[in-house]
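Chemist: I'll drop the sequence and a predicted model, then ask my questions.
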Amino acid sequence: MPTIKNPIEWSGAQLVHTAHAIGSAYRSLQHIQDTIHSPAPAVRKIGTADVWAALAKGFGDFEAYRSDVIFLCITYAVVGLVLSRLAFGMDMLPLLFPLASGFALVGPVAAIGLYEMSRRREQGVAANWANVFDILKAPAVGAIAVLAIALVAVFLLWITAAWEIYRYTLGPALPTSIGVFVHDVFFTDRGHLLIVAGVGLGFLFALFAMAISIVSFPLLVDRDVGLDTAIRTSIRAVVANPLPMALWGLIVAGGLVLGSIPVFVGLAVVLPVLGHATWHLYRSLVPR
């Protein structure tokens, strides 16, 4: 039966836990150094049929785990609702679209646990939402964390760039109402410039994020390879398969648009399907 610890015992226990956490973090960072320049796996050339097959398998995984996955990913929809509410304040309204499209940049981070679930189902091993936390035991967890931080940094840079585009086109004054903002965006020359510049720059951000993450995250979950190796392999896969990767980018963009209507609730379905599908796309791109 658990007992209540006195302040000294409790403080000692916290120090022990902190020391273990620091030691674990150090070992993870050291492992990144130890695995640098590890042998790179081969990369296959695939066709558009493989992309559709991966999406179908993603739906299959979602159906197998739909109660668990919805429970896991509903938090993403809640975050979307919060962001939507903030964006409808006039000070955040210009960032509504950049925030929504930013899910494409950080989506691979949110899907890391889904890769593990798909991997376990592929092996015929039972899985549920609790297996998401098995990622914390992976040898490459340090590399996964570093890559995740990098994608979050890319997302923040995109939001900053989007704000600067608004400031130099329709700004610096904030819109006085949603109607005025919509009119200025779609029916003025400055609004057209904002659309062209925003979509163009957003495409470059999305392409960069996809190139460094589409294979690297699943590869780090699947194998104990170096962070640099994972990123290089991901870039090689994108370069070797421009048409299939362009199709995948369109599928992700279309799915995020549909998932964002109404008010991001659909992301509770779109994100897990795309996450599972990404694992199967990785399987097509990188042979075992």
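Modeler: Received it, and whenever you're ready, just let me know what you need. Numbers count the residues shown, from 1 in each chain.
Chemist: quick one: the helices in this protein?
Modeler: 7-34, 48-87, 96-101, 103-110, 112-122, 141-169, 178-187, 189-213, 216-222, 227-240, 242-259, 267-285 (DSSP state H).
Chemist: quick one, which of those helices is nearest to residue 40?
Modeler: helix 227-240 (5.1 Å; C-beta to C-beta). Any C-beta I mention is one placed from the backbone N, CA and C, and that applies to glycine too.
Chemist: mean confidence for that closest one?
Modeler: For helix 227-240, the mean per-residue pLDDT is 94.
Chemist: Can you give the contact residues for it?
Modeler: Residues from elsewhere that reach helix 227-240, judged by C-beta atoms under 8 Å, 6 or more residues apart in numbering: 32, 35-41, 43-45, 140, 143, 146-147, 210-217, 219-220, 225, 245, 285-286.
Chemist: then that helix to PDB, C-alphas only?
Modeler: This file holds the C-alpha atoms of helix 227-240, laid out as PDB (Å, rounded to 0.1, in the frame of the first residue of the first chain):
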ATOM      1  CA  LEU A 227      19.700  11.400 -38.300                       C
ATOM      2  CA  ASP A 228      21.700  12.600 -41.300                       C
ATOM      3  CA  THR A 229      21.200   9.200 -43.000                       C
ATOM      4  CA  ALA A 230      17.400   9.400 -42.500                       C
ATOM      5  CA  ILE A 231      17.200  12.900 -43.900                       C
ATOM      6  CA  ARG A 232      19.400  12.100 -46.900                       C
ATOM      7  CA  THR A 233      17.400   9.000 -47.600                       C
ATOM      8  CA  SER A 234      14.100  11.000 -47.500                       C
ATOM      9  CA  ILE A 235      15.500  13.600 -49.900                       C
ATOM     10  CA  ARG A 236      16.700  10.900 -52.300                       C
ATOM     11  CA  ALA A 237      13.300   9.300 -52.200                       C
ATOM     12  CA  VAL A 238      11.600  12.600 -53.200                       C
ATOM     13  CA  VAL A 239      14.200  13.400 -55.900                       C
ATOM     14  CA  ALA A 240      13.900   9.900 -57.400                       C
END
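Chemist: That helix to helix 141-169, inter-axis angle?
Modeler: Comparing the axes of helix 227-240 and helix 141-169 via axes from the mean of the first three to the mean of the last three C-alpha atoms, to 10 degrees yields an angle of 60 degrees.
Chemist: quick one: contacts for residue 218?
Modeler: By C-beta under 8 Å, 6+ apart, residue 218 lies in contact with 115, 278-279, 282.
Chemist: Please tell me the pLDDT value assigned to the closest residue to it other than its chain neighbours.
Modeler: Setting aside the residues directly before and after it, residue 218 is nearest to residue 282 in space (C-beta to C-beta, 6 or more residues apart in numbering), at 3.7 Å. In this model, residue 282 is scored at 96, pLDDT.
Chemist: Just give me the neighbour total for residue 282.
Modeler: 24 (other C-beta atoms under 10 Å).
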